[in-house]
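In: Next comes the sequence, and after it the predicted model I'd like to discuss.
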Amino acid sequence: MTNPPSALPDDRVAIAPYHPRGDSRQLSESSSPTPAELTDCLFFSPEDGRIWLNDQRMVLLHSSSFGALRREVIERLGLEQARGLFTRTGYASGARDARLIRERWPQADAAAVFRAGTHLHTLEGMTKVEPLHFKFDADSGFYEGEFLWHHSCEADEHVGAYGIGQDPVCWTETGYAIGFVSGLFGQMVIFREVECRGMGHRSCRVIGKTAEQWGDVEQDLRYLNVSQAVTNATVAPTPDHPVSHSARANPPQTLVGASAAFNAATQALQRVALTPATVLISGESGVGKEMFARQLHQLSRRQDSPFVALNCAAIPDNLIEAELFGVERGAYTGATHSRPGRFERAQGGTLFLDEITSLSLAGQSKLLRALQEREIERVGGVRGIKVDVRVVAATNIDLRKAVADGTFREDLFYRLNVYPIALPPLRERRDDIPLLINAFLTRFCQEYARTPMGLTMRALKALLRYDFAGNVRELQNLIERGLIASDEGQPIDLVHLFRNEPMPADPYGLDDHGSLSNSAPPPCLALFDTLGQLEPGFSIEGLESRLLNEALQRNAGNLAAAARLVGLSRAQFAYRLKKHQRQSP
Ligand SMILES: [Zn+2]
């Protein structure tokens with residue numbers, strides 16, 4: 001497994017200290033999270049090619065191609081190496097799911113939280129988990145559990161390829177159990193298959209205990225790449241890395257994201273930051289161009305000097321020159337004082353010029369001169385002033401097109417376009433939405449002194465599918481608004497988020513029978529087209545009467561079936577039908 005890019009923020013949300021204690025025998029069936037509540041976390045966005053488990057992106061992988069991958073890894077790396085690799089992959093999934101449960105159900109009963117892992121592992125299609133018993137107490141460091149795994153996908157694939165063998169083969173699943181329980185427990189809990197379908201047993205039987213209780217766990221830990229010293233120090237493993245020495249060396253972070261598009265932009269940013277090059281940032285409104293410019297400044301050698309920002313569109317044409325280059329006293333009526341412009345104020349640092357295309361052609365030529373000569377002249381001034389400023393320009397329109405249209409100087413374009421960075425719109429980096437939601441929630445909850453309660457499932461689903469014409473800024477506004485509109489101690493729901501915005505369509509989830517369904521009404525038919533030319537004397541009443549009769553005809557006079565077709569109960573249908581019959585002559 002490779003380390004995440006260093007730009008990846010620490011997206012782990014702080015969770016209250018947890019000292020779980022529980023016993024499966026005292027667990028009620030109806031305790032949250034129930035299987036139905038967990039199933040509700042899984043939903044599909046077929047239009048944009050994503051599957052979500054709460055806020056985690058998932059993939060559907062053919063069991064057979066998982067088998068093929070597994071085979072190839074075994075053949076290339078050997079059995080032992082392959083086993084370690086798949087154990088660690090499973091571990092990462094289990095630890096992620098543990099985090100999901102803790103964040104989504106922070107108040108839930110500890111035993112129910114531990115049981116949720118068996119439901120999720122089942123929901124994700126790896127194996128049907130049947131808990132036999134489990135009992136734990138984090139304070140005294142005790143965990144003991146026993147589970148059955150029925151028709152394990154990994155055992156099927158292994159047996160299909162290699163036949164029955166001497167050793168357990170459900171490596172990914174074992175890793176998952178270790179990751180899930182250790183992630184919750186805060187200490188390493190090791191699971192072992194004592195029986196396995198890969199060894200000819202009917203089902204797999206697994207037992208979990210802490211490393212200390214097992215005693216001899218060197219082999220198990222080797223598969224996880226963890227040294228014995230680490231488990232003894234009761235270090236809670238992190239969701240992403242059972243490997244404890246892979247601490248993240250993060251620079252101070254203001255940018256949040258982990259998607260490929262985001263990483264490409266931050267890597268470009270890091271590469272150019274230490275050079276003196278002029279940078280041109282392009283992207284739609286609200287994608288965070290100023291944030292990126294600030295980050296660039298912080299990563300540069302100019303970090304201890306000022307960062308000065310100017311939105312060229314916010315300053316009237318006739319004042320922009322004075323704003324950029326400063327004014328000498330008496331330069332024009334009303335200029336009673338000399339004052340420095342943004343260039344001088346950014347001396348030694350970075351000048352961020354947003355919406356650069358708003359500069360008039362005259363302003364553009366002055367800017368070009370400043371960039372070329374590294375010298376400016378105040379309005380009404382007579383002497384040149386040397387400036388050492390790095391210019392970062394930004395635009396939300398295509399500069400090349402502006403050049404072609406004659407509204408932007410070509411020579412200035414080439415002067416600015418030394419190192420272009422394109423920032424993707426939020427809808428093209430949807431994988432970052434959960435991270436951004438978390439970051440904004442954390443920030444606003446601090447600002448407003450609120451307890452973070454997260455979002456309801458349907459609010460989260462809506463945000464994951466929303467179009468975000470206003471990009472990150474719009475998401476930030478929605479979260480802030482949602483927090484203000486919701487009550488303390490309650491999660492943010494759909495009604496708190498959206499007012500007049502077009503609501504995203506419902507995603508596909510699993511209904512009570514486990515079938516994919518979309519709870520939204522079917523798309524609106526072009527009703528007037530269907531009706532054809534409206535005849536004189538048309539009435540709504542008449543239309544309803546026609547509709548009821550046609551429904552009845554289509555169902556051969558069966559009232560209940562006809563009622564279902566038009567979305568009425570049998571009684572409502574009969575009542576309306578009777579009403580029309582009375583009204584007709
Ligand atoms: Zn097995």
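Out: Thanks, I have the structure now. Numbers count the residues shown, from 1 in each chain.

In: Now P425: closest residue in space that isn't a chain neighbour?
Out: The shortest distance from P425 to any non-neighbouring residue, by CB to CB, 6 or more residues apart in numbering, is to E284 (4.9 Å). C-betas here are computed from N, CA, C, even on glycine.

In: burial count for the one you found?
Out: 19 (other CB atoms under 10 Å).

In: do the same with the one 4 residues further on
Out: The burial count assigned to G288 is 24, neighbours taken as other CB under 10 Å.

In: Just confirm it contacts L475, I think it does.
Out: No - the pair G288 / L475 is not scored as a contact, 10.5 Å apart, by CB atoms under 8 Å.

In: Checking the residue nearest to P425 next. Helix, strand or coil?
Out: Of the three states, E284 takes coil according to DSSP: H, G, I helix; E, B strand; the rest coil.

In: Make sure it is actually in contact with N396.
Out: Yes - in this structure, E284 is within contact of N396 by CB under 8 Å, at 5.6 Å.

In: what sits against N54?
Out: C41, L100, R104, M457, L460 (CB atoms under 8 Å, 6 or more residues apart in numbering).

In: Give me the distance between the first one and the ion.
Out: Okay, so that is C41. Taking CB to the ion, to the nearest Å as the measure, C41 falls 26 Å from the ion.

In: Quick one: residues contacting that residue.
Out: W52, L53, N54, L100, R104, M457.

In: For these, which two are the farthest from each other?
Out: W52 and R104 (12.6 Å; CB to CB).

In: sorry, back to before: list the contacts of the residue nearest to P425.
Out: Counted by CB under 8 Å, 6+ apart, E284 has contacts N396, L423, P425, N471.

In: what does Y176 give?
Out: So Y176 contacts G90, Y91, S93, G94, D97, G117, H121, M126 (CB under 8 Å, 6+ apart).

In: Wait, G117 touches A177, no?
Out: Yes - under the criterion of CB under 8 Å, G117 makes contact with A177 at 7.3 Å.

In: any shared contact partners between the two?
Out: Common neighbours of G117 and A177, counting by CB under 8 Å, 6+ apart, are G94.

In: List the buried residues in stretch 185-200.
Out: For stretch 185-200, burial by neighbour count (16 or more other CB atoms under 10 Å) applies to 185-193, 195-199.

In: pLDDT of that stretch, averaged?
Out: Averaging pLDDT along stretch 185-200 yields 94.

In: what's the answer for stretch 369-379, then?
Out: Mean predicted confidence for stretch 369-379 is 91.

In: what does stretch 576-584 give?
Out: 78.

In: Name the residues that touch that stretch?
Out: Stretch 576-584 is contacted from outside by E541, E544, S545, L548, L552, L568, using CB under 8 Å, 6+ apart.

In: and with 6 Å instead?
Out: The contact list for stretch 576-584, computed with CB atoms under 6 Å, 6 or more residues apart in numbering, reads S545, L548.

In: about what we covered before: buried among the contacts of E284? Need that as a selection in ChimeraX.
Out: Buried members of the contacts of E284, defined by 16+ other CB under 10 Å, are picked up in ChimeraX with:
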select :396,423,425,471
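
In: got JSON lines for the contacts of E284, with pLDDT, distance to K366 and secondary structure too?
Out: What follows is the contacts of E284, written out as JSON lines (pLDDT from 0 to 100; distance: CB to CB, whole Å; DSSP: H, G, I helix; E, B strand; the rest coil):
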{"residue": "N396", "pLDDT": "93", "distance to K366": "22", "secondary structure": "coil"}
{"residue": "L423", "pLDDT": "92", "distance to K366": "27", "secondary structure": "coil"}
{"residue": "P425", "pLDDT": "93", "distance to K366": "32", "secondary structure": "coil"}
{"residue": "N471", "pLDDT": "93", "distance to K366": "31", "secondary structure": "helix"}
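
In: need the helices for the stretch 201-350 of the chain, in chain order.
Out: For the stretch 201-350 of the chain, the helices defined by DSSP state H, counting those that start in this stretch occupy 211-214, 218-224, 228-232, 260-273, 289-299, 317-325, 342-345.

In: Next, the buried residues of the second one.
Out: When neighbours are counted by 16+ other CB under 10 Å, the buried residues of helix 218-224 are found to be D220, L221, Y223, L224.
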